[in-house]
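>>> Below is the sequence, then the predicted model.
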Amino acid sequence: MGRIVVGVDGSDGSCQALAWAVEEARLRDARLDVVHAWHEPYVGGYPYTLVSYDPRDWEASARQLLHELLAEVDTGGVTVERIVVHDLAARALIEAAKGADLVVVGTRGRGGFSGLLLGSVSSHVVHHAPCPTVVVRNGE
């Protein structure tokens, strides 16, 4: 196996997916692409906001989050590529998975519908990924 892609967003599910993907990459001697996608939050139809923001701040926060998540996992013996993308998570993962041998996601991310078995991103990736997909269940 040559390349594994895993999506992370800081949720418990994505942290478990990251840990699983690191071990799988170690077993398969594969490169691990760790993808974190970010985008500006939707501001309810108002063309102007009272708070100004700089997209570079959002990207810097995304890079910092990715750095912190990887610091929590022993990646020894695994080649890790850090990928921060300005895009929707599902689209970014499907794009990153092109040419990959495997894509890994958690069951649920940071979305608001906690009762669902799969979150919208993991569901979309399962249905549209160009390679096999592993969904790591929370707590297992």
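That came through fine. Numbering: from 1, shown residues only.

>>> element containing residue 27, please.
Per DSSP states H and E: residue 27 is located in helix 12-28.

>>> Report the buried residues of that helix.
Neighbour-count burial for helix 12-28 flags 13, 14, 15, 16, 17, 18, 20, 21, 22, 24, 25, 28 (criterion: 16 or more other Cβ atoms under 10 Å). In short, each C-beta sits where N, CA and C put it, glycine included.

>>> Spit out the contact partners of the residue nearest to the spatial centre of the chain.
Geometric centre of the chain, nearest residue: residue 7, 1.9 Å, by Cα atoms, centre = their mean. Listed by Cβ atoms under 8 Å, 6 or more residues apart in numbering, the contact set of residue 7 reads 14, 17, 35-37, 89, 92-93, 103-106, 121, 125.

>>> one step back: so which of the buried residues of helix 12-28 comes closest to residue 61?
Nearest to residue 61 among the buried residues of helix 12-28, counting by Cβ to Cβ, is residue 14 at 15.8 Å.

>>> right, and the closest one touches residue 107 too?
No: the pair residue 14 / residue 107 is not scored as a contact, 9.7 Å apart, by Cβ atoms under 8 Å.

>>> Test of understanding: give the bridge partners of residue 81.
Per DSSP bridges, the residues bridged to residue 81 are residue 33.
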